[in-house]
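**Q** Make a model of this:
(one chain, ligands or ions: 2)
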Amino acid sequence: MSKSVVIESVKAREVFDSRGNPTVEADVVLTDGTLGRASVPSGASTGELEATELRDGGSRLLGKGVSKAVNNVNTEINDALKGVSPYNQAAIDQIMIDLDGTPNKARLGANAILGVSMATARAAALSLDTPLYRYLGGVNIELPQTFHNVINGGAHADNGIDFQEFMITPIKKTSFRDGIEKIADTYHTLKKVLEDAGFQTGLGDEGGFAPDLKNTDEAVSMLYKAIEQAGYVPGEDIGIALDAASSEFYNEETGIYTFEGHEFNADQLRDYYVNDLLKKFPAIISIEDPFSENDWDNFAKFTEEVGDRVQLVGDDIFVTNPSIFRKGIKKGVANSILIKLNQIGTVSESIEAIRLAKNNGYTTMISHRSGETEDTFVADFAVAVSGGELKTGAMARSERVAKYNQLLRIEEELEGQAHVAHFPHNVDFD
Ligand SMILES: O=C(O)[C@@H](CO)OP(=O)(O)O
Ligand SMILES: [Mg+2]
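**A** Ligands and ions are numbered 1, 2, ... in the order given. Here you go, the predicted structure:
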C-alpha cells in the first residue's frame, strides 16, 4: 500500500437505474491515477426509517432527479475527501457522516454518500491490484447461497399478488455454479409451468415472472411444481423463501393486515403462517417481514413461536441500521437481518450491522434493491463479509444476472478454494 496515494478528486453524475429513474454514479480518482466507480440502487417498498435518498424537482424526471445529491458530491464531499487516504474505509465514511451532520443523511443524501463510499472501496482495491471482495474481506471469505425472486408481486408487479417476493434457493449444491445452474433450470421450468396453466409470463422489477395468480398459496404451488418438474425435491434440493413485505398491507391504526381478500389481525396472520402456509409447504425455509415495521411485538412473538424452524428476516423493521437493529435484538425480533447498503448509506455501517448480527446469532441476507444498475458491488460485498445469503433477483434481466455472473467469475478466480454457504443445513454436501 503506497502511503503517498490519496484521493485526488470525487465526482458524480446522474445515470439511470433499471426502472428508468435517475440515480447517482460516483467516481473517485486517486493520485496514482486509479479510477473507482460505483452506482447506487433504489427501492420501491422502502422502510420508513431508511436513510434519506435525496431527490429533487426537475419536471422532466417526474421529481425523481438526483441533481442535488450529485452536486453535493461534486462540491462539499469532494472538498472534504481531497487529500485523504482511500485505504481507511471507516475513516472515509465517518468524514462523510460528520459532514452531513444529520442522523439519517438527509442533508447530503444517502445516495450521494453511498456512491462515494462504494467508489472509494473500489478505487482502493484497484490501486492495490486486489479484487474488491479480497480487499474488503481478506482471506476469510465465502461465496453466498443465493435467493432468487422468481415470482414478483406486491410493489414490484402489477398483478393481484400481495406478498412481494417468492424466491427459490439452492440448498444442495456441489459448487456455486452447480447451485446457479439448478436455479436457472427451475426458472425455465417455472415459465413452462405458468404457460401450461394459462398465465402470462411477463417479468416484474426483479426479473421474476409477474403472473396474475390469485394468492400466495397458488404462487407457492407453482414453485413446487416447477422444482419437481425440473427434477428436484422441494425443501431438499431447492428451498423456498418469501418476502411478505407486510408493511405494505398493514394499517397501523387498526392493526389489520389486508391481503388476498383477508382482513387479519396479528393473531390471525400468525395462525395463517403457522397452521396454513408453513404446514402445507414445508419447503418454505425463510420468511422476510412477516409482520410490519410498526408491529414489533407481534414480530417478536412470531419469532418466539417459529424462529427455531424457519428463518425470519427483518428488512423494513431494521433498515440495516445498527442502532435500530440493537433494539430488535433485545426485543427478540427476527433471527436474521436483510442488509441493503443504501438503507444505511455507507459500506462501514453495513459491515457494522453484519458484525452485530453475527455476534448475536442472527443470519444475514445481503440484498440488492428492486431498482438496480449494472454495478456488481453487492456480489463482491457478499463474498467479502461472508454474508451467507444473497438475494439479487431472478436469472433474467441483466442488472440482476450481472451479479450472479460476477460470483461465477469469483468462484473461478478462487480455483476451487471457495467455500459456498449452506442454509439451512450447516453442513457441506460436497
Ligand atoms: O423489499 C425488499 O426486500 C427489496 C429488495 O428485493 O425491495 P425494494 O428494493 O423495493 O425495497
Ligand atoms: Mg424486503
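**Q** In whichever strand or helix holds residue 124, which of the residues would be classed as buried?
**A** According to DSSP states H and E, residue 124 maps onto helix 110-127. Using 16 or more other CB atoms under 10 Å as the test for burial, helix 110-127 gives 110-127. In short, each C-beta sits where N, CA and C put it, glycine included.
**Q** Can you classify residue 183 by secondary structure?
**A** Secondary structure, DSSP: H, G, I helix; E, B strand; the rest coil: residue 183 is helix.
**Q** what pLDDT does it get?
**A** Looking at residue 183, its pLDDT stands at 98.
**Q** And for the one 10 residues further on?
**A** According to the predicted model, the pLDDT of residue 193 comes to 98.
**Q** Quickly note the distance from whatever residue of the chain ends up closest to ligand 2 to residue 113.
**A** Evaluated by CB to the ion, the chain has residue 315 as its residue closest to ligand 2, separated by 3.6 Å. Residue 315 sits at a distance of 21 Å from residue 113 (criterion: CB to CB, to the nearest Å).
**Q** And the strands in the stretch 1-150 of the chain?
**A** Using DSSP state E, counting those that start in this stretch, the strands of the stretch 1-150 of the chain run over 7-16, 22-30, 35-39, 145-152.
**Q** Tell me which of those lies nearest to ligand 1.
**A** Nearest to ligand 1, of all those, is strand 145-152, at 6.3 Å by CB to the nearest ligand atom.
**Q** Can you dump the C-alpha atoms of the helix or strand that the closest one is followed by in CSV for me?
**A** The helix or strand immediately downstream of strand 145-152 is strand 165-170, counting by DSSP H and E. The C-alpha trace of strand 165-170 is given here as CSV (Å, rounded to 0.1, in the frame of the first residue of the first chain):
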residue,chain,number,x,y,z
GLU,A,165,-41.4,-12.0,-3.4
PHE,A,166,-41.4,-15.7,-4.0
MET,A,167,-37.8,-17.0,-4.0
ILE,A,168,-36.0,-20.2,-4.7
THR,A,169,-32.6,-21.1,-3.3
PRO,A,170,-30.2,-24.0,-4.0
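**Q** Now do strand 165-170, average pLDDT.
**A** Average pLDDT, strand 165-170: 98.
**Q** repeat for stretch 346-357
**A** Stretch 346-357 comes out at a mean pLDDT of 98.
**Q** which parts of that stretch are buried?
**A** Going by neighbour count (16+ other CB under 10 Å), the buried part of stretch 346-357 is 346-354, 356-357.
**Q** quick one: secondary structure of residue 338?
**A** Here residue 338 is recorded as strand under three-state DSSP.
**Q** surely it meets residue 288?
**A** Yes: at 6.3 Å, residue 338 counts as touching residue 288 under the criterion of CB atoms under 8 Å.
**Q** Mind listing the shared neighbours of these two?
**A** Taking CB atoms under 8 Å, 6 or more residues apart in numbering as the contact rule, residue 338 and residue 288 both touch 313-315, 365.
**Q** Identify the farthest-apart pair in those residues.
**A** Within those, two members stand farthest from each other by CB to CB: 314 and 365, at 9.9 Å.
**Q** Surely residue 371 and residue 20 touch.
**A** No: look at residue 371 against residue 20 with CB under 8 Å: they stay out of range, at 9.0 Å.
**Q** Which residue of these two possesses the greater neighbour count?
**A** residue 371 (22 against 10; other CB atoms under 10 Å).
**Q** Got the phi and psi for that one?
**A** Backbone torsions for residue 371, taken as degrees, to the nearest 10, come to phi -100, psi 110.
**Q** tell me which parts of the stretch 201-350 of the chain are close to ligand 1?
**A** 206, 243, 245, 315, 338 (CB under 6 Å from any ligand atom).
**Q** Adding pLDDT, write the residues you listed out as JSON lines.
**A** Shown next, in JSON lines, are these (pLDDT from 0 to 100):
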{"residue": "206", "pLDDT": "95"}
{"residue": "243", "pLDDT": "98"}
{"residue": "245", "pLDDT": "97"}
{"residue": "315", "pLDDT": "98"}
{"residue": "338", "pLDDT": "98"}
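**Q** most neighbours, which of the residues you listed?
**A** The residue in these with the most neighbours, by other CB under 10 Å, is residue 206 (31 neighbours).
**Q** ok, of the shared contacts of residue 338 and residue 288, which one's closest to residue 12?
**A** Nearest member of these to residue 12, counting by CB to CB, is residue 315, at 27.1 Å.
**Q** That closest one reaches residue 243, doesn't it?
**A** Yes: in this structure, residue 315 is within contact of residue 243 by CB under 8 Å, at 7.1 Å.
**Q** Between these two, which contacts overlap?
**A** Taking CB under 8 Å, 6+ apart as the criterion, residue 315 and residue 243 both touch 288-289.
**Q** show me what contacts the residue lying closest to residue 10 once chain neighbours are set aside?
**A** With sequence-adjacent residues excluded and distances taken as CB to CB, 6 or more residues apart in numbering, residue 10 is closest to residue 78, at 4.4 Å. By CB under 8 Å, 6+ apart, residue 78 lies in contact with 9-11.
**Q** Next to ligand 2 in this structure, residues from the chain, please.
**A** Counting by CB under 5 Å from the ion, the residues of the chain close to ligand 2 are 243, 315.
**Q** residue ranges with poor pLDDT in the chain?
**A** Applying pLDDT under 70 to the chain flags residues 1-3, 58-59, 425-430.
**Q** Can you give me the domain assignment for it?
**A** Split into domains by automatic domain parsing, the chain comes to 7-129, 142-420.
**Q** Of all these, which one is nearest residue 135?
**A** Of all these, it is domain 7-129 that lies closest to residue 135, at 3.5 Å by CB to CB.
**Q** chain center to the closest one: distance?
**A** 18 Å (CA atoms, centre = their mean, to the nearest Å).
**Q** what about that domain, start to end distance?
**A** One end of domain 7-129 sits 16 Å from the other (CA to CA, to the nearest Å).
**Q** does it come close to ligand 1?
**A** Yes: shown here: domain 7-129 in contact with ligand 1 (CB under 6 Å from any ligand atom) through 43-46.
**Q** Pull the most distant pair out of those.
**A** Largest separation among the residues of domain 7-129 next to ligand 1 by CB to CB: 44 and 46, giving 7.2 Å.
**Q** Reformat the residues of the stretch 201-350 of the chain next to ligand 1 as JSON lines; add secondary structure.
**A** Listed next are these as JSON lines, based on three-state DSSP:
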{"residue": "206", "secondary structure": "coil"}
{"residue": "243", "secondary structure": "strand"}
{"residue": "245", "secondary structure": "coil"}
{"residue": "315", "secondary structure": "coil"}
{"residue": "338", "secondary structure": "strand"}
